[in-house]
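1. Attaching a predicted model along with its sequence, questions to come.
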Amino acid sequence: MSGVGESASGLRLAIYTDTYLPQVNGVSRTLAGLAAAVERRGGAVRIETVEDPAARGAEPGVVRWPSLPFWAYPQLRIAAPPGPQVTAGLALWRPTLVHASTPFGVGLAGRAAAHALGVPFVTSYHTAFSAYLRHYRLGALDAIAWPYLRWFHNGGRRTFAPSRLVAEELSKLGFRGVRTWSRGVDPVRFHPRFRSEGMRAAMGAGPDDFVVAYVGRLAPEKGVHVAIAAMSSLMAAEVGTARSGPPRPSTGRLRFALAGDGPDEARCRETAPAGTWFAGALNGEALSAFYASADAFVFPSTTETFGNVVLEAMASGVPVIAPDVGATLELASDVTAVTFRAGDPESLAQQVARLRGDPAMHAQKRVAGLDVAASRSWEAVWDRLILDYREALAAGATAVGRVA
């Protein structure tokens with residue numbers, strides 16, 4: 001144990017999740033960070049998750065179950081682990097706490113195994129499932145989604161929500177034992193020093209150009225089509241002015257770059273304005289440089305439960321443009337970012353143009369974002385979560401939640 005932060009000595013944490021590295025998303029990266037933090041602080045971690053063709057080599061402490069691509073989102077996979085095998089494997093490992101981060105598949109198997117063995121059980125809420133159902137035209141399932149989610153999460157001693165706004169919503173909907181497990185940002189990985197002229201050249205941008213960037217899944221629920229429509233109108237107007245109007249001052253061109261992949265990638269490529277750069281899924285220093293090399297970061301999603309990428313952009317010194325509703329407002333308020341009317345491409349386009357044309361505002365939002373990021377230490381987040389784990393372990397076992 002390194003002695004850094006709150007000790008996790010004696011904690012044997014089994015995490016059940018339907019998404020984990022090498023899948024790249026906020027949940028998988030957060031869980032990987034949690035596992036590393038617990039082990040660094042003297043605890044032990046076992047991850048049970050889906051098999052993934054991209055996983056390579058030995059993965060100590062990771063158990064993978066046979067899985068299939070999810071029909072609505074092939075990049076994600078689903079599994080139905082056999083209950084007796086899951087329970088037997090967990091019994092041999094002898095956990096002190098079971099944490100399920102997804103309410104289906106592997107997470108459901110972890111819930112059942114914890115209850116069968118009498119092991120303290122907690123959950124975390126990461127995904128706005130009702131919003132996702134609407135985006136995938138499955139809104140009719142909404143009437144059963146919340147009762148099911150209440151049943152699943154109320155079967156544990158704690159439900160961890162990623163933001164205060166989400167925690168308040170869940171409590172109002174009848175979820176018990178709700179606590180906020182916030183998110184942090186790594187200041188070593190995400191920092192303005194990663195700004196790179198080489199990355200800007202890959203984006204199609206010169207020193208005087210204004211780059212608007214997006215990082216995240218290319219999926220309907222992320223609102224990427226709103227950003228594409230806004231940037232299409234701005235870039236078309238710019239080309240039209242250059243061709244038919246008077247000479248413009250030398251303020252550089254507007255560029256658009258997206259990092260990520262997903263089920264809507266083909267449609268995004270078809271509808272994006274000419275000159276848009278699709279970088280694909282990025283990791284490591286390439287992702288750090290992508291963020292820091294932009295001049296503005298746009299994130300139009302209203303389905304977030306936190307918005308890790310918003311915090312990463314702020315830490316990279318890039319002003320954020322975000323919708324005026326949703327959990328991202330906990331980070332991207334009118335004080336720290338530029339907000340636009342959710343779902344409105346015209347409003348988004350206006351705010352991009354406003355930020356681009358006002359250097360003083362750009363500098364103010366940049367500094368405000370850096371200040372927010374500096375206050376979001378991962379170590380403090382892990383300290384708080386481990387203390388909450390201890391509280392859950394000390395609490396008496398709760399009755400298994402009934403369907404509301």
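-> Received it, and whenever you're ready, just let me know what you need.

2. residue ranges with poor pLDDT in the stretch 301-404 of the chain?
-> Residue ranges of the stretch 301-404 of the chain with pLDDT under 70: 396-404.

3. element containing Leu13?
-> Per DSSP states H and E, Leu13 falls inside strand 12-16.

4. Repeat that for Gly198.
-> Going by DSSP H and E, Gly198 is in helix 197-202.

5. Return the set of buried residues in that helix.
-> Neighbour counts using 16 or more other CB atoms under 10 Å place 199-200, 202 of helix 197-202 among the buried residues. To be clear about C-beta, it is placed using only N, CA and C from the backbone, and glycine gets the same treatment.

6. which one of these sits closest to Val211?
-> Using CB to CB, Arg200 comes nearest to Val211 of the buried residues of helix 197-202, at 6.6 Å.

7. In contact with the closest one, which residues?
-> Contacts here follow CB atoms under 8 Å, 6 or more residues apart in numbering; on that basis Arg200 touches 206-207, 209, 211, 293.

8. repeat that with 6 Å
-> The contact partners of Arg200, by CB atoms under 6 Å, 6 or more residues apart in numbering, come to Ser293.

9. distance of it from Ala286?
-> Going from Arg200 to Ala286 by CB to CB, to the nearest Å gives 13 Å.

10. and if you look at Ser293?
-> For Ser293 relative to Ala286 (CB to CB), the value is 10 Å.

11. Looking at the two, which is more packed in?
-> A count of neighbours by other CB atoms under 10 Å puts Ser293 above the other of Ser293 and Ala286, at 24 against 16.

12. just the helices in the stretch 301-404 of the chain please.
-> Using DSSP state H, counting those that start in this stretch, the helices of the stretch 301-404 of the chain run over residues 308-315, 345-357, 359-374, 378-394.

13. For those helices, give me JSON lines that also has mean neighbour count and distance to Thr328.
-> Putting the helices of the stretch 301-404 of the chain into JSON lines (neighbours: other CB atoms under 10 Å; distance: least, CB to CB, whole Å) gives the following:
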{"stretch": "helix 308-315", "mean neighbour count": "27", "distance to Thr328": "5"}
{"stretch": "helix 345-357", "mean neighbour count": "19", "distance to Thr328": "14"}
{"stretch": "helix 359-374", "mean neighbour count": "16", "distance to Thr328": "12"}
{"stretch": "helix 378-394", "mean neighbour count": "17", "distance to Thr328": "17"}
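
14. What residues are bridge-paired with the residue nearest to Ala337 when sequence neighbours are not counted?
-> Using CB to CB, 6 or more residues apart in numbering and skipping the chain neighbours, the partner closest in space to Ala337 is Val320 (4.1 Å). On the basis of DSSP bridges, Val320 is bridged to Phe297.

15. Val320: neighbour count?
-> Neighbours of Val320 (other CB under 10 Å): 27.

16. so what's it up against?
-> Val320 neighbours (CB under 6 Å, 6+ apart): 297, 310, 313, 332, 337.

17. One more pass at 10 Å, please.
-> Neighbour list for Val320: 296-299, 307, 309-311, 313-314, 328, 331-332, 336-339, 355, 365-366, 368-369, 372 [criterion: CB atoms under 10 Å, 6 or more residues apart in numbering].

18. give me the low-pLDDT residue ranges for the protein?
-> Ranges of the chain meeting pLDDT under 70: 1-3, 72-73, 129-141, 240-251, 396-404.
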